[in-house]
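**Q** A structural model of the following input is requested.
(3 chains)
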Amino acid sequence: MPELPEVETIVRSLAPRLRGRRVVSAEYLAPRALRGTAEPPIIGHEVREVTRHGKFILLRFDHGALAIHLGMTGKLLIDGEATPYLRAEIVFDKCRLLFDDIRQFGKMAWSTKLPGGPEPFDIDGATFAKMLRARRGVVKPLLLNQGFVRGLGNIYVDEALFRAGIDPRALACNVSVARAVKLHGHIVEVLREAIERGGSSISDYVDADGQRGGFQEAHRVYGREGEPCVVCGRRVLRIVLGQRGTHYCAFCQRR
DNA sequence: ATCTATTCCTGGCTGC
DNA sequence: TGCAGCCAGGAATAGA
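**A** Numbering: from 1, shown residues only, chains lettered A, B, ... in the order given. Predicted coordinates:
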């Protein structure tokens, strides 16, 4: 499941391959990939840059950008093998880009307004604390809300809350300023560490060269239900919170 | 603003 | 071995 670190890894592998490349042709094999939006007017145009906005990958052209969201199982592969799950193919002058997506939660659209709160990297702890404490909801669903901060998904929210010692069911407004600042630091830290290790590959995720990430080995709570907490040794619990599997240590994380 | 439930989708599990 | 049933979940959506 591509979250910020996985998308960043993909962008870093895509950018040097696509920068300056001219689109020769494009084919959209699944109507769902474009979700009924107009075909991107990219034929004959050159990619200027490949960037990330939260979990969106942006292929930037002079006249706009193609925004791609990978959903759960989306992959962007340079010169990869076509699979039965191929949703789109963009042929460039020197390579081709395949959009592969088993579950079809991914989507692409031309020059859409990009949603979102700030990137966690773009705000400081004090600003984050102010934002967090102004909200009334439960902290985990709030962190998953892309309109609050961009880029976090289920894995990194569980990991950051564990590192910060905050119960995922805590109310945002009840988190002290000091702990909110600490949480922001841990969010930034866990995202940076995950980017360094090429993201987390739970099942499907690979970068544009088909390489898996390595950060799943460093997960402290996500996917570790029943295993001993790396800090206190008690069993990691799993509950459902906001329709999401949620992993935490009841001893190390408090409300 | 914030909550819940529902929808999308399919491979990979589980259990019989 | 086969097969039904359930599960994973990002985000949009509807309704409260």
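**Q** any weak-confidence spans in the stretch 101-250 of chain A?
**A** Applying pLDDT under 70 to the stretch 101-250 of chain A picks out no residues at all.
**Q** interface residues of it facing DNA strand C?
**A** Contact residues, the stretch 101-250 of chain A versus DNA strand C (Cβ under 7 Å from any atom of the strand): A:103, A:105, A:115, A:144, A:146, A:153, A:154, A:155, A:240, A:243, A:244, A:245. Bear in mind the C-beta positions are built from the backbone N, C-alpha and C, glycine included.
**Q** in the stretch 151-255 of chain A, which residue sits closest to DNA strand B?
**A** DNA strand B sits closest to residue A:243 of the stretch 151-255 of chain A, with a gap of 4.8 Å, by Cβ to the nearest atom of the strand.
**Q** how about residues contacting stretch A:210-224?
**A** By Cβ atoms under 8 Å, 6 or more residues apart in numbering, the surrounding residues in contact with stretch A:210-224 are A:5-6, A:9, A:13, A:77, A:80, A:154-155, A:158-159, A:162-163, A:193-194, A:197-202, A:205-207, A:229-231, A:236, A:247-249.
**Q** still on that earlier bit, what is the burial count for the residue of the stretch 151-255 of chain A closest to DNA strand B?
**A** Residue A:243 sits with 6 neighbouring residues when counted by other Cβ atoms under 10 Å.
**Q** residues of the stretch 101-250 of chain A that sit close to DNA strand B?
**A** Residues of the stretch 101-250 of chain A lying near DNA strand B (Cβ under 7 Å from any atom of the strand): A:102-105, A:135-138, A:141-142, A:203, A:242-243.
**Q** how near is residue A:203 to residue A:103?
**A** Separation of residue A:203 from residue A:103 (Cβ to Cβ, to the nearest Å) stands at 11 Å.
**Q** run a quick neighbour tally on whatever residue of the stretch 151-255 of chain A ends up closest to DNA strand C.
**A** Going by Cβ to the nearest atom of the strand, DNA strand C is nearest to residue A:245 of the stretch 151-255 of chain A, at 3.0 Å. Counted with other Cβ under 10 Å, the neighbours of residue A:245 add up to 13.
**Q** doesn't it lie inside a strand?
**A** Yes: applying DSSP: H, G, I helix; E, B strand; the rest coil, one finds residue A:245 inside a strand.
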